[in-house]
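J.: predicted structure and sequence below. I'll ask about it afterward.
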Amino acid sequence: MTGFPEIILAAILATDLILVSASRLLHCIRIVAIQGFLLGILPLVLWQWDESLPHAELLVVSAVNIAVKCFLLPYLLRRTMHSANVKRELEPLVGYSISLLILLCGMVCAFIFGSNLPVTNFSVSPLVSPVAFTTMGAGILMIVGRRKAITQVIGFLVFENGIGIFGAGMMLQYGLIVELGILLDVFVLVFIMGIAVFRISREFDHIDSDRLNRLGDFPAEVTPRTGDDK
Amino acid sequence: MSQSQSVWIICFLLSLVLCPLFPAVINRTKAFFAGRHGPRYLQVYYDIFKLLRKGSVYSRTATDVLRLAPMAVLGALLTAALLFPFGMTESPLAFCGDFILFFYLLGLARVMLVLGALDTGSSFEGMGSSREMQFSAFAEAVIFCILAFLVLLTGRLHLTGVLNGFDVGAWIVSGTSMLFVAGAFFLVMLTEACRVPFDDPETHLELTMIHEAMILDYGGPDLGIILYSSYLKLWMLASFFVMLVLPVSSGDILSNVLAYFSGMMLTAVGIGVLESIMARFRFLKIPQLLIGAFCIALAGIILMLVFDGGVQ
């Protein structure tokens, strides 16, 4: 039976697919904001599922989630993007079509494993754990497969969204604590990374994190490139 | 002959007559968005008749494949149309597995067009052919994914059954996966019919053409036949889409047919709106989008399997 939770989870799945294949950073940030909003309203639609849940708690989780993940973090990311003067991910380590295919394999695995997990018995919908795992996978893919520091931050945000979905769908009684913990984590990390990205871009004219390998003890052979690809 | 079959014949003939109207509606919608008046609805017919009355000029380097191609394209598409359940009726020629024949007849039409284009030896036509074949290879994967979904949903193995075999209940029970599959088919339809996000049918720059680049060397009746064939193909794909998203099963044949034709009208307007608000994608972006369509079609199948185990 398709209810509201399923529709929202399927929409989150669609945003994962778009995120992994989008090259423009502004586009990515918008999609992440949409994903944050969907994640925010997820606890609200759980009301109809179980009347006995503490309403005030769910409302707080939902409001804080939407405020932080849909407005505050995208705003910070957009500001960082403008200050670091990056518009798009030019040469990803993993191409966009390949990323899509990898995410597809990940999705199939997530559905196979996720539907076999015993924890599914507590979940709101059979979709929760597969979608949560797929979202985490998309986040990890963005962290390892992209060069720019901002895209990696977005990937981290997506990863945290995946954990948030898992929390919202599985552990309803501890929902508030889990959510607040995740939010604090994300907020601090995005804050720090925003500063770091700004610093890196001011020092080095670009934010390609893989070129930081040069800072190691064993200097890697990195051919110097012209600085117009930031 | 049963009532259903005679209704199918009427719908079939109506489709053959009305299919040039589909792009005409798209053009009118685009003209409305651009603030123009747009050509008359019948202009498409006038154009085809004008072309049919002209003579043909053939390149001296081309062989007979160039002359054969238009008729082969039209023949393959008409044969495919015989299998299609226009107007939510039942095709009298339906048999098990006919959707494979249907989509490969569309493929045959494409191959004949490509061979004709390569036969001219023009480099622009070679480029167009190469692009067409590349994108259709991606589109085929999506199409068969969608067919697999429909077979799992309905448990039937022919085009008529697959498209008529589910009702509104399918949208209620597995609505999300239906939505995914319909979205994937919409993307494939636009690719196969060379509409805007994938190819611009009104472009005048050979470098950016796909379908138009392949028919540069045709003129007169041949061009008319090819244009008509492309309208027929668009009509069939749009019918597939309409029957996918509009599962009317009221039992009353007349209301089914009415719903079908109004659905086609709305689809044409929808495509027109989409073409007005979107620009054509870069070529590099198209395979990626088609892989995305493949992903969502597969996601639709998985969602359905997770929910209610498919075959009822």
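T.: Good, I have the coordinates.

J.: only C-alpha atoms from now on, for both contacts and neighbour counts.
T.: Fine.

J.: can you map out the helices along the chain?
T.: Defaulting to chain A. Remark: helices assigned in chain A by DSSP state H are A:4-21, A:25-45, A:55-65, A:73-84, A:96-116, A:128-145, A:149-170, A:175-204.

J.: hmm, I had chain B in mind actually
T.: Assigned by DSSP H, the helices in chain B fall at B:3-18, B:21-33, B:43-53, B:64-83, B:98-119, B:123-154, B:159-164, B:168-173, B:175-192, B:211-214, B:220-245, B:253-277, B:285-308.

J.: may I see the buried residues of the third one?
T.: So the one you mean is helix B:43-53. For helix B:43-53, the neighbour count (16 or more other C-alpha atoms under 10 Å in any protein chain shown) marks B:44-45, B:48, B:51-52 as buried.

J.: circling back: for the helices of chain B, which one sits closest to residue A:157?
T.: For the helices of chain B, the distance to residue A:157 is smallest for helix B:285-308, at 21.9 Å, taking C-alpha to C-alpha.

J.: could you give the angle of the closest one to helix B:175-192?
T.: Between the axes of helix B:285-308 and helix B:175-192, defined by axes from the mean of the first three to the mean of the last three C-alpha atoms, to 10 degrees, the angle is 160 degrees.

J.: helix B:285-308 near chain A at all?
T.: Yes. Judged by C-alpha under 8 Å from any C-alpha of the partner chain, helix B:285-308 comes into contact with chain A through B:287-288, B:291-292, B:295-296, B:302-303, B:306-307.

J.: okay, now the residue nearest to residue A:164 when sequence neighbours are not counted: neighbour count?
T.: The spatial neighbour of residue A:164 that comes closest, neighbours along the chain excluded (C-alpha to C-alpha, 6 or more residues apart in numbering or on different chains), is residue A:179 at 6.6 Å. By the criterion of other C-alpha atoms under 10 Å in any protein chain shown, residue A:179 has 21 neighbours.

J.: ok, now which ones touch residue A:179?
T.: For residue A:179, the set of contacting residues under the criterion of C-alpha atoms under 8 Å, 6 or more residues apart in numbering or on different chains consists of A:61, A:65, A:164, A:167.

J.: return a PyMOL selection command for the buried portion of those residues.
T.: The following PyMOL command selects only the buried members of the contacts of residue A:179, with burial defined by 16+ other C-alpha under 10 Å:
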select buried, chain A and resi 61+65+164+167
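
J.: need the contacts of residue A:179 in CSV with pLDDT, can you?
T.: Supplementary listing: those in CSV, determined by pLDDT from 0 to 100:
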residue, pLDDT
A:61, 77
A:65, 82
A:164, 83
A:167, 78
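
J.: can you flag the weakest of the helices of chain B by average pLDDT?
T.: Set side by side, those give their lowest mean pLDDT on helix B:168-173, at a mean of 77.

J.: interface residues of chain A facing chain B?
T.: Contact residues, chain A versus chain B (C-alpha under 8 Å from any C-alpha): A:1-2, A:6-7, A:10, A:14, A:17, A:21, A:96-97, A:100-101, A:104, A:108, A:111, A:115, A:126-127.

J.: coming back round to it: out of the helices of chain A, nearest to residue B:130?
T.: Among those, helix A:96-116 comes nearest to residue B:130, with 19.4 Å by C-alpha to C-alpha.

J.: render the CA-only coordinates of that closest one in CSV, please.
T.: Once side chains and other backbone atoms are set aside, the C-alpha atoms of helix A:96-116 remain, and they are given as CSV (Å, rounded to 0.1, in the frame of the first residue of the first chain):
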residue,chain,number,x,y,z
TYR,A,96,28.5,11.2,-13.6
SER,A,97,27.1,8.3,-15.7
ILE,A,98,29.4,5.9,-13.8
SER,A,99,28.3,7.4,-10.5
LEU,A,100,24.7,6.8,-11.5
LEU,A,101,25.5,3.2,-12.3
ILE,A,102,27.4,2.7,-9.1
LEU,A,103,24.5,4.2,-7.1
LEU,A,104,22.1,1.9,-9.0
CYS,A,105,24.2,-1.2,-7.9
GLY,A,106,24.2,0.2,-4.4
MET,A,107,20.5,0.7,-4.5
VAL,A,108,19.9,-2.9,-5.6
CYS,A,109,22.2,-4.1,-2.8
ALA,A,110,20.5,-1.8,-0.3
PHE,A,111,17.1,-3.2,-1.2
ILE,A,112,18.3,-6.8,-1.0
PHE,A,113,20.0,-6.3,2.4
GLY,A,114,17.7,-3.7,3.7
SER,A,115,14.6,-5.8,3.3
ASN,A,116,16.3,-8.8,5.0
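
J.: contacts only, for residue A:116.
T.: By C-alpha under 8 Å, 6+ apart, no residues touch residue A:116.

J.: separation between it and residue B:306?
T.: 11 Å (C-alpha to C-alpha, to the nearest Å).

J.: hang on, the earlier thing: quick one: which of the helices of chain A is nearest residue B:215?
T.: Using C-alpha to C-alpha as the measure, helix A:96-116 is the one of the helices of chain A that comes nearest residue B:215, at 30.1 Å.

J.: just want the angle from that closest one to helix A:128-145.
T.: Using the same axes, to 10 degrees, one finds that helix A:96-116 and helix A:128-145 are set 150 degrees apart in direction.

J.: what does chain B have sitting close to chain A?
T.: Counting by C-alpha under 8 Å from any C-alpha, chain B sits next to chain A at B:172-176, B:287-288, B:291-292, B:295-296, B:302-303, B:306-307.

J.: spit out the contact partners of the closest residue to residue B:89 other than its chain neighbours.
T.: In space, not counting the residues next to it along the chain, residue B:89 is nearest to residue B:8; the distance is 5.6 Å by C-alpha to C-alpha, 6+ apart. With contacts defined as C-alpha under 8 Å, 6+ apart, the neighbours of residue B:8 are B:85-87, B:89-92.

J.: and those, which are buried?
T.: Among the contacts of residue B:8, the ones that count as buried by 16+ other C-alpha under 10 Å are B:85-87, B:89-92.

J.: tell me the one of the residues you listed nearest residue B:238?
T.: Minimum distance to residue B:238 across those is 10.7 Å, recorded for residue B:86 (C-alpha to C-alpha).

J.: right, I'll leave it there.
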